[in-house]
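*Asks:* structure, please.
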Amino acid sequence: MSARKKGARRMKVGRPAMPLEQLRRNRIVVMLTDGELAKLHRIAEQEGLGLGTVAHALLAKLLERRP
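*Replies:* Residues are numbered from 1 along each chain as shown. Predicted coordinates:
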């Protein structure tokens, strides 16, 4: 490993920052029945996505329909 020079700036790593209106920063907790969770798992597996991503997509789709 090379030593950093004093005062040298570190390069930013990771995902670029998102605009605030797209940033998911609020958390909610829901309790599901075993059957509901099984359905969510099935959808996530079919889509090749994580549970949280699928849950967010379903909720966002529902909220788009409402004024």
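
*Asks:* could you list the residues in contact with stretch 49-61?
*Replies:* Arg24, Val30, Leu40, His41, Ile43, Ala44, Glu47 (Cβ atoms under 8 Å, 6 or more residues apart in numbering). No exception for glycine: its C-beta is placed from N, CA and C like everyone else's.

*Asks:* out of the residues you listed, who's nearest Glu64?
*Replies:* The closest of the contacts of stretch 49-61 to Glu64 turns out to be Arg24 (Cβ to Cβ; 15.5 Å).

*Asks:* and the closest one, how far from Leu59?
*Replies:* Counting by Cβ to Cβ, to the nearest Å, the gap between Arg24 and Leu59 amounts to 11 Å.

*Asks:* which one's more surrounded, those two?
*Replies:* Leu59 (12 against 9; other Cβ atoms under 10 Å).

*Asks:* that one in helix, strand or coil?
*Replies:* In three-state terms, and counting by DSSP: H, G, I helix; E, B strand; the rest coil, Leu59 is helix.

*Asks:* contact partners for Leu32?
*Replies:* Leu40.

*Asks:* helix or strand for the residue nearest in space to the middle of the chain, which one?
*Replies:* By Cα atoms, centre = their mean, the mean C-alpha position of the chain lies nearest to Thr53, the distance being 5.6 Å. Using DSSP states H and E, Thr53 falls within helix 51-65.

*Asks:* which strand or helix spans Gln46?
*Replies:* According to DSSP H and E, Gln46 maps onto helix 34-47.

*Asks:* in that helix, which residues are buried?
*Replies:* Buried residues in helix 34-47, defined by neighbour count with 16 or more other Cβ atoms under 10 Å: Leu40, Ala44.

*Asks:* which secondary structure elements does it sit against?
*Replies:* Packing partners of helix 34-47 (3 or more Cβ pairs under 8 Å, 6 or more residues apart in numbering; DSSP states H and E): helix 51-65.

*Asks:* angle of the helix it packs on against helix 34-47?
*Replies:* 100 degrees (axes from the mean of the first three to the mean of the last three Cα atoms, to 10 degrees).

*Asks:* off-centre distance for helix 51-65?
*Replies:* 11 Å (Cα atoms, centre = their mean, to the nearest Å).
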